[in-house]
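Here is the input, now give the coordinates:
(2 chains)
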Amino acid sequence: MKRALCLIASFFLYGTAATAQDSLLADVNGDGQVRILAFGDSITFGVGDRLPPGAFVLSIPFTDVEGGYPERLETLLQLPVDNEGVPGEEVTLGGYLRFPQLLTRSSADTVILLEGLNDAFWRRSPDDVRRSFQRMINVSRALGRQVVLATLPIPCCNRLGSRLFGGVYSGDITSLAQQNGIALADVERAWRSTCSDINSCDLLNLPEGLHPNTRGYDVIAQVFASTLLGVNIFAADGAVLLEQALGLSEGSVIVRPDEEAPQS
Amino acid sequence: MMVILRACIICVVLLASGCGGGGSGGGSTETGIRLLHAAIDAPPLELVLESESPTLLSTTRFLEPGVYAPVNKGPLLLRIRPVLRQTAAVPDLQFEIAASERRTVLIYGDTAALGLRTTLLTDRATEIPSGQAAVRLIDGVTVASALRLEIGSAPISVRAPFGTASDYVMLPAGEVSFRIEREADRRLLGSGSFLASPGQSYSIFAAGEMEYFTQFRILNDS
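Okay, here's the model as predicted:
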């Protein structure tokens, strides 16, 4: 709890973001606890999280799971983060449909939404994806919750076929965040700045090319933490500011600033 | 679903300015217009008064209790557009508004098969008897062709087809308990209660999509 209070205090010190972000770590429902709900698919569930960079991975069973980014975020922020990831789920089918009931039951103050790569695999209509996210945004706000949207990791290698639609969805998700005045965790941007080679990204299990490895999940958690704290992690001093805000040792934050992104 | 229904019991009563005493005509004399957004898959919408120099009157999100924006009496040309977009979401609305009149633009439907639609409502009941208040239902709920509002234990019942408002019903001021059902199968959408002041007009604004997510808000139209 002490660390959580420090975190919130540090947010006000380091926060550069707009008012919309000021309350992302607030006890919105007044139950005495700040709680976060992480909603998504297998990438939220944590599939592939046991595997370090460099391992040869052709496919990953859904049972091969560790805590993924929600568990890391919980550790970083010292706040409860509920993992509501469902492997294989598409936002346009199961995702938006299960959302209202789940959120109504939850005491979360802030909801983070990271979903869409299964829709990209099946090439679902971008309009349907956008509408599904807008529904979830509207439901969240009607229930008085804060929302954070996230762009998608960039697939490669054996899942290269999902890249085009994933990129389109990420563009629409960015646009939705602006239109609705809500915070965006730009995971796609972190992939661009931090992957050593976007066409064979060392943040993913390779050559599987869809699910992050341990390092990839670290990156996603750091992007969410920076968004929730209002730190621009892509600025030249973003990593240092996040480390200070979270009380981490130097070099712990591995997301690179934009200017260090490899040219590819 | 029951949890959602229970959540609907939490009512938000917006007390507008000018809480009048008994008798008819309680409320503001300001001419005004508001936007109510009932389309669950639509982004926030802007209500713009078109003229040589267009004026943004309000920005409204889904289910948000819109506030009245003051306008001058006379002809109005209104455009509704999504935030950060220049193209209109629906055809422009053109009409005349009288002095002290209050109107609501209800936007409902969806951005897919149904499309977004608008209805222009006239707000505030006229001639509210002394000691009474006026209540109506605004229906913006898809997958329900009509809703029914039942008020009190010996229910007064009114219906509102999709995209419209019922007539105002007069009832004694004080605590008003109510339930909202889908007319076709009497499936409960929500229930609650609120305190109605004498001489005031209220709307119970229901929005969303039946079987998915619905809620209501209680609005003071005065």
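
Distance check, the residue of chain B positioned farthest from its centre against residue B:105.
Within chain B, the residue lying farthest from the chain centre (CA atoms, centre = their mean) is residue B:52, at 29.5 Å. Computed with CB to CB, to the nearest Å, the distance linking residue B:52 and residue B:105 is 22 Å. All C-beta spots, glycine's among them, are computed from the backbone N, C-alpha and C.

name the helices or strands packed onto the host helix or strand of residue A:227?
Element membership for residue A:227 (DSSP states H and E) is helix A:214-229. If you count contacts as 3 or more CB pairs under 8 Å, 6 or more residues apart in numbering or on different chains; DSSP states H and E, helix A:214-229 packs onto helix A:2-14, helix A:68-77, strand A:110-114, strand A:146-150, strand A:183-185, helix A:187-194, helix A:238-246.

quick one: which of the ones you listed is nearest chain B?
With distances scored as CB to the nearest CB, the stretch of the helices and strands packed on helix A:214-229 nearest to chain B is strand A:146-150 (11.5 Å).

okay, the angle between that closest one and helix A:68-77?
On the basis of axes from the mean of the first three to the mean of the last three CA atoms, to 10 degrees, strand A:146-150 is oriented at 130 degrees to helix A:68-77.

what does strand A:146-150 rub up against?
Under the criterion CB atoms under 8 Å, 6 or more residues apart in numbering or on different chains, residues A:23-24, A:26, A:28, A:109-114, A:133, A:136-137, A:140-141, A:173, A:176-177, A:180, A:182-187, A:223-224, A:227-228 lie in contact with strand A:146-150.

Would you show me how to pick out the buried ones of the residues you listed in PyMOL?
Buried members of the contacts of strand A:146-150, defined by 16 or more other CB atoms under 10 Å in any protein chain shown, are picked up in PyMOL with:
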select buried, chain A and resi 24+28+109+110+111+112+113+114+133+136+137+140+141+173+176+177+180+182+183+184+185+186+187+223+224+227+228
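
Identify the residues contacting the residue farthest from the centre of chain B.
No contacts exist for residue B:52 under CB under 8 Å, 6+ apart.

Report the separation between the residue in the stretch 151-264 of chain A that chain B sits nearest to and residue B:82.
With CB to the nearest CB, the shortest gap between the stretch 151-264 of chain A and chain B falls at residue A:179, namely 4.8 Å. Residue A:179 is 7 Å from residue B:82, where distance means CB to CB.

Next, see if the biggest strand by length in chain B gets close to chain A.
Counting residues, the longest strand found in chain B (DSSP state E) is strand B:132-142. No - using CB under 8 Å from any CB of the partner chain, strand B:132-142 stays clear of chain A, coming no nearer than 11.7 Å.

Any regions of the chain where pLDDT drops low?
You didn't pick a chain, so chain A it is. Within chain A, the segments meeting pLDDT under 70 span A:1-22, A:63-64, A:263-264.

not what I meant, chain B
B:1-27, B:153-154.

Chain A against chain B: which residues are in contact?
For chain A, the residues in contact with chain B (CB under 8 Å from any CB) are A:97, A:100-101, A:104-105, A:127, A:131-132, A:134-135, A:138-139, A:141-143, A:175-176, A:178-181.

Show me which residues of chain B sit near chain A.
So far as CB under 8 Å from any CB goes, chain B lies against chain A at B:1, B:3-4, B:7, B:40-44, B:61-63, B:82-85, B:110-112, B:208, B:212-213, B:215.

hang on, the earlier thing: ok, of the residues of chain A next to chain B, which come out buried?
A:97, A:100, A:104, A:131-132, A:134-135, A:138-139, A:141-143, A:176, A:179-180.

Could you tell me which of those residues belong to helices?
Judged by DSSP state H, the subset of these located in helices is A:97, A:100, A:104, A:131-132, A:134-135, A:138-139, A:141-142, A:176, A:179-180.
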